[in-house]
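[1] Using only what follows, build the 3D model:
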Amino acid sequence: MERVRVSANVFLPMPVVLVGTRLDGRANFMPAGWCCRANLVPPMLCCGIHRAHATTVGIRENGAFSVNVPSSEQMVATDYCGLVSGATTDKSGVFEVAYGELGTAPMIADCLISMECRVVEIVSLPSHDLVIGEIVGAYADPSVVRNGLIEMAAVDPLLLTMPDNTYWGLGEERGKAWAAGRSLMVE
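    Numbering: from 1, shown residues only. This is a model prediction of the structure:
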């Protein structure tokens, strides 16, 4: 197979989330594509957030943040939250806000999945802060829960590809993890 060299700054398709925190006494949300699971027990995730964003100030001040999964129907409002800064724009009215047990991590009631996180550690990288948080509460709309599990197709989450800066949908199921490759195992 032929290969061509591309930029080392390669991005994989990323889930789009809305990171929430309190900023100047109000809820603030910013979209982030650099967010993933970081630990199983206790459950943790991490988000890479540029230090220039007002959201990092709120996360450091409160020691808490939320991660909300917007659906494709929320693409316009999600994108808007990335076009304006919480330092100069009050984004608290864009979504209906809810709080969990921490009381300092505003969640989006309109998102089908929301998680509230307590900051465990912030690792300073050259341009971004890698914010690691323990998930202390996870919430889902009952309409997307089947047999106790979240059905991602029903959530219809947004994905982001870069550097073309395009939003995508989830697509169709291709197979089950930890099962699809079993046919190649030698017994």
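[2] ok, Gln20 touching Met107?
    Just to correct that, residue 20 is Gly rather than Gln. Yes - Gly20 is within contact range of Met107, at 6.1 Å (criterion: Cβ atoms under 8 Å). Quick note: C-beta positions are derived from backbone N, CA and C, even for glycine.
[3] what's the overlap in contacts for those two?
    Shared contacts of Gly20 and Met107 (Cβ atoms under 8 Å, 6 or more residues apart in numbering): 66, 68, 97.
[4] roughly how far apart are Glu151 and Val144?
    Separation of Glu151 from Val144 (Cβ to Cβ, to the nearest Å): 5 Å.
[5] Show me which of the two is the more surrounded one.
    Val144 (18 against 13; other Cβ atoms under 10 Å).
[6] and the more buried one, what does it touch?
    112-113, 150-151, 154-155.
[7] now the strands: where do they sit in this structure?
    14-15, 17-23, 26-32, 35-39, 44-50, 64-69, 97-98, 107-108, 113-124, 128-140, 145-146, 149-150, 159-161, 166-168 (DSSP state E).
[8] and those as TSV, adding distance to Tyr80?
    TSV is the format used below for the strands of the chain (distance: least, Cβ to Cβ, whole Å):
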stretch	distance to Tyr80
strand 14-15	19
strand 17-23	11
strand 26-32	9
strand 35-39	19
strand 44-50	18
strand 64-69	14
strand 97-98	16
strand 107-108	13
strand 113-124	19
strand 128-140	22
strand 145-146	28
strand 149-150	26
strand 159-161	15
strand 166-168	13
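[9] on that earlier part again, who's more crowded, Gly20 and Met107?
    Taking other Cβ under 10 Å, Gly20 and Met107 do not tie; Gly20 has more neighbours (34 against 27).
[10] Report the contact partners of the nearest residue to Val120 once chain neighbours are set aside.
    Excluding the flanking residues, the one nearest Val120 by Cβ to Cβ, 6 or more residues apart in numbering is Ile132, at 4.7 Å. Going by Cβ under 8 Å, 6+ apart, Ile132 touches 38, 44-46, 119-123.
[11] among the contacts of Val144, who's most crowded?
    Going by other Cβ under 10 Å, Leu112 tops these with 25 neighbours.
[12] give the contact list for that one.
    69, 71, 140-141, 143-144, 154-155.
[13] Restricted to helices, list the residues you listed.
    154-155 (DSSP state H).
[14] start to end distance for stretch 139-150?
    Taking Cα to Cα, to the nearest Å, stretch 139-150 runs 10 Å from one end to the other.
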